[in-house]
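For reference, the sequence and a predicted model appear below.
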Amino acid sequence: MLRIAVQSKGRLYDDTMNLLAEADIKVNPSKRTLLVQSSNFPLEVLFLRDDDIPQSVASGVADIGVVGENEFEEHQEDAHIISRLGFSKCRMSLAIPKGVNYSGLSWFDGRKIATSYPGILQRFMNKNDIRADIHVITGSVEISPGIGLADAIFDIVSSGSTLVHNNLKEVEVVMQSEALLIGNWKMDEEKHSILNEMLFRFEAVRSAQDKKYVMMNAPKDKIRKITEVLPGMKSPTIIPLSDPDWCAIHTVLDEKRFWEIIGKLKDLGAQGILVSPIEKMIL
């Protein structure tokens, strides 16, 4: 049985549980239960505070864990990164009041900075030879300059709306962050085998993201030109039709280029274009 530590609430909780569900790993969490076993996969989920996850994995309380890169970097526990999961993205930034003229990193020399991430901030300041007074706060860091507690803040930024609401402006991005799957160094062979199966499922889910399965009918004399504009996984599937002058073409398209390519296909004579979402894709 493999044990995974997951944040007990918030966006990272939602994204992680969605990933497990899409990988067909069924977990029915309860607000009163901290440890829940999957009903169809050898996995149990331990729900913890986000800042407790790195230590729980490093100590072996959990075998693996999903944690924000910011928390992993802050605590620097003896665990290793297994995979970057690509969701719950944000950044760690320095912000100051909007009306203040910012002249560069040297502005922070001698200033008081409020943060819940003193480790990351101190290492950044040391690297840049800045001597700031770091004031540790757990909670609403963004209100600190407004009430005179600090000159600036260092905190998580996603959309930036919280900064705007508190009359702050982002002036330095210290690091980018996303969800990480981290692991204990001492997992046995059986747990590694379960982990590999789970990673295989995760990769199938991630590979299908932002992809569309496209089917169309096309004149046979246009096959070469049509296939030249199709960036399929390897090559498109071509199927003969009852009309000897026509064929069906199936392929996978990246959603980012979808409309650009569909326009070219229509110009080349493709008809009856059918587009479907992809749930899983095994590469």
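Thanks, I have it.

which residue is nearest the middle of this structure?
Residue closest to the average C-alpha location in the chain (Cα atoms, centre = their mean): F87, at 1.7 Å.

helix/strand/coil for the residue located most distally from the centre of the chain?
Residue farthest from the centre of the chain, counting by Cα atoms, centre = their mean, is P244 at 47.5 Å. Per DSSP: H, G, I helix; E, B strand; the rest coil, the local secondary structure of P244 is coil.

Excluding chain neighbours, give the residue nearest to it in space.
Leaving aside its sequence neighbours, P244 sits nearest to K220 (Cβ to Cβ, 6 or more residues apart in numbering; 7.7 Å). Yep, even glycine has a C-beta here, placed from its N, CA and C like the rest.

H250 too?
Of all residues not flanking H250 in the chain, T237 sits nearest, at 4.2 Å (Cβ to Cβ, 6+ apart).

Neighbours of the residue nearest to P244, how many?
14 (other Cβ atoms under 10 Å).

Pop out the phi and psi values for it.
K220 adopts backbone torsions of phi -60, psi -30, taken as degrees, to the nearest 10.

Could you give the separation between the terminal residues of stretch 228-237?
End-to-end distance for stretch 228-237: 13 Å, by Cα to Cα, to the nearest Å.

The residue nearest to the centre of the chain is in contact with D15, isn't it?
Yes. In this structure, F87 is within contact of D15 by Cβ atoms under 8 Å, at 4.4 Å.

any common contacting residues for those two?
A179 (Cβ atoms under 8 Å, 6 or more residues apart in numbering).

So, low pLDDT: which residues of the chain?
Applying pLDDT under 70 to the chain flags residues 231-234, 283.

can you give me the helices for it?
Secondary structure of the chain by DSSP state H: the helices cover 11-22, 53-59, 69-75, 118-127, 161-165, 189-208, 223-229, 258-267.
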